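>>> Predicted structure and sequence below. I'll ask about it afterward.
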Amino acid sequence: MKTEIREMKMEDIPTIMIMEKELFSTAWEEEMFIEEIEKQYAFVMEIKDNIIGYICGWKLLDELNITNIAVATDFQRKGLGKELVQFLISKLMDEKCFKFFLELRESNLAAKLLYENIGFRMIGLRKNYYHSPQENALVMGVKIIDIFKKG
Ligand SMILES: CC(C)(COP(=O)(O)OP(=O)(O)OC[C@H]1O[C@@H](n2cnc3c(N)ncnc32)[C@H](O)[C@@H]1OP(=O)(O)O)[C@@H](O)C(=O)NCCC(=O)NCCS
């Protein structure tokens, strides 16, 4: 499957909002994607010019917090979520950023297994961090050196 990953643009937001509402119980607002675009680490994945996934992150010094990732339902379990995370990690490594963090709902097994598959490990828990429904957040992280150790 031939995929392209490119920077997210303002005109992508309507399409992303449709996916966001389908894929998350608490969808982001449009303004949050605008902010992500302005912060520079927001990308979409396309197949034949159709957006089928996206990923966003906030960088602080040598750390990146992955703030959002999604793959359209019809395209899940084809390695595309992993491709998006690996794309962002290798892009940030070029900018000397080697530590990656994220939060996820405790019940989000697909996301947890995706991140574990890449090398992330659980480093904390935030009680009742999410609402609608209320739920704990798992905090996961990886240092690039750990990925190399994993082989
Ligand atoms: C989480 C999400 C991005 C994963 O994307 P994906 O493209 O389906 O994931 P991949 O195909 O790249 O999966 C890579 C690996 O992660 C694990 N994995 C991903 N989804 C899984 C699932 N539903 N069940 C079990 N393992 C899963 C597997 O180890 C998989 O490798 P394998 O297929 O060779 O077994 C996708 O399920 C999604 O968009 N969910 C809704 C939005 C969301 O929850 N985002 C995460 C917020 S923290």
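Yes, it's here.

>>> Can you report how many residues neighbour residue 67?
19 (other CB atoms under 10 Å). All C-beta atoms are positioned from the backbone trio N, CA, C, and that covers glycine.

>>> likewise the one 4 residues further on?
Look at residue 71: counted by other CB under 10 Å, it has 24 neighbours.

>>> for residue 4, same thing?
Neighbours of residue 4 under the rule other CB under 10 Å: 10.

>>> Excluding residues flanking it in the chain, which one is nearest it?
residue 46 (4.8 Å; CB to CB, 6 or more residues apart in numbering).

>>> other SSEs contacting the helix or strand containing the one you found?
Per DSSP states H and E, residue 46 falls inside strand 42-47. Contacts defined by 3 or more CB pairs under 8 Å, 6 or more residues apart in numbering; DSSP states H and E place strand 42-47 against strand 4-7, strand 50-60, helix 80-94.

>>> List the neighbouring strands of the second one plus their orientation.
The strands that strand 50-60 pairs with in its sheet are strand 42-47 (antiparallel), strand 63-71 (antiparallel) (by DSSP bridges).

>>> For the residue most central in space within the chain, which non-adjacent residue is spatially closest?
When CA atoms, centre = their mean is applied to the chain, the residue found nearest the centroid is residue 69 (2.9 Å). Of all residues not flanking residue 69 in the chain, residue 55 sits nearest, at 4.5 Å (CB to CB, 6+ apart).

>>> wouldn't the one you found be in contact with residue 88 here?
Yes. Counting by CB atoms under 8 Å, residue 55 touches residue 88, with 5.5 Å between them.

>>> Could you pull up the contacting residues of the residue in the chain that the ligand sits nearest to?
Closest residue of the chain to the ligand, CB to the nearest ligand atom: residue 81 (2.4 Å). By CB atoms under 8 Å, 6 or more residues apart in numbering, the contact set of residue 81 is 53, 69, 71, 114.
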